[in-house]
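>>> Show me how the following folds:
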Amino acid sequence: MIKEKILNILNKQINEELFSSYLYLSMSNFFSSQNLDGFAKWMRMQSQEEYGHGMKIYDYILQRDGKVVLIKIETPKAVWKSPLEVFQETLKHEQHISACVNNIVNLAIQEKDHATTQFFQWFVGEQVEEEANAINIVEKMKMIGDNKSGIFMLDRELGRRQ
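This next block holds a predicted model:
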């Protein structure tokens, strides 16, 4: 049986992951409204990935004979000043999620919950990748600046995400 402290933090993390999914879907919608279909596709895929992360934790709780408690998901922001601002917020958000994952691992170690410690190692690695992707896009966007040709080319590149 899973300890109550661990169960509570895992249920909160499901909410964090589902909020991430909502946030990235909102960003996808923003890009669609700007006719940046490649950016929109990238964010929509990111939204689906975050939903998958939430479900992975959901299934883990059930495997451990725990009770999933779904928490209200906050409404995400819907409008940004620029594509760069969107990706800067993406990076900041991924850093927040990394901190949440680290807190879970720290608590699991403290509670001697080796199964949760092991399970969350995948999330630790995933967050390294998520932050690296966001940093990469932010840096490219800084190089591009307001150059419409550069934004068009990056939009095409991000639209190739599989």
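
>>> contacts, neighbours, all on C-alpha from now
OK.

>>> Quick check: which ranges of the protein have low pLDDT?
Within the chain, no stretch falls below the threshold (pLDDT under 70).

>>> now the helices: where do they sit in it?
All helices of the chain, identified by DSSP state H, fall at 4-33, 37-63, 83-110, 114-144, 148-158.

>>> in the longest one, what counts as buried?
By neighbour count on 16 or more other C-alpha atoms under 10 Å, the buried set for helix 114-144 is 116-117, 120, 123-124, 127, 130-131, 134-135, 137-138, 141, 144.

>>> same check, this time on stretch 77-94
Buried residues in stretch 77-94 (16+ other C-alpha under 10 Å): 83-84, 86-91, 93-94.

>>> what does that stretch contact?
Contacts to stretch 77-94, defined as C-alpha atoms under 8 Å, 6 or more residues apart in numbering, come from residues 23, 26-27, 29-31, 127, 130-131, 134-135, 137-138, 141-142.

>>> repeat that with 6 Å
26, 131, 134, 138, 141 (C-alpha atoms under 6 Å, 6 or more residues apart in numbering).

>>> Tabulate these in JSON lines, adding columns for distance to residue 12.
What follows is the contacts of stretch 77-94, written out as JSON lines (distance: C-alpha to C-alpha, whole Å):
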{"residue": "26", "distance to residue 12": "21"}
{"residue": "131", "distance to residue 12": "21"}
{"residue": "134", "distance to residue 12": "23"}
{"residue": "138", "distance to residue 12": "28"}
{"residue": "141", "distance to residue 12": "33"}
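
>>> ok, of those, which one's closest to residue 53?
Among the contacts of stretch 77-94, residue 131 lies closest to residue 53 (C-alpha to C-alpha), at 15.3 Å.

>>> which ones are touching the closest one?
Residue 131 sits in contact with residue 94, where contact means C-alpha under 6 Å, 6+ apart.

>>> ok now stretch 52-60, how far from the chain's centre?
Relative to its chain's centre, stretch 52-60 lies at 13 Å (C-alpha atoms, centre = their mean, to the nearest Å).

>>> contact partners of that stretch?
14, 17-18.

>>> So which of those residues is the closest to residue 76?
residue 18 (10.9 Å).

>>> Closest one to residue 5 out of the contacts of stretch 52-60, please.
residue 14 (14.6 Å).

>>> measure the residue nearest to the closest one when sequence neighbours are not counted to residue 144 for me?
Excluding the flanking residues, the one nearest residue 14 by C-alpha to C-alpha, 6 or more residues apart in numbering is residue 54, at 4.7 Å. As judged by C-alpha to C-alpha, to the nearest Å, residue 54 and residue 144 stand 34 Å apart.
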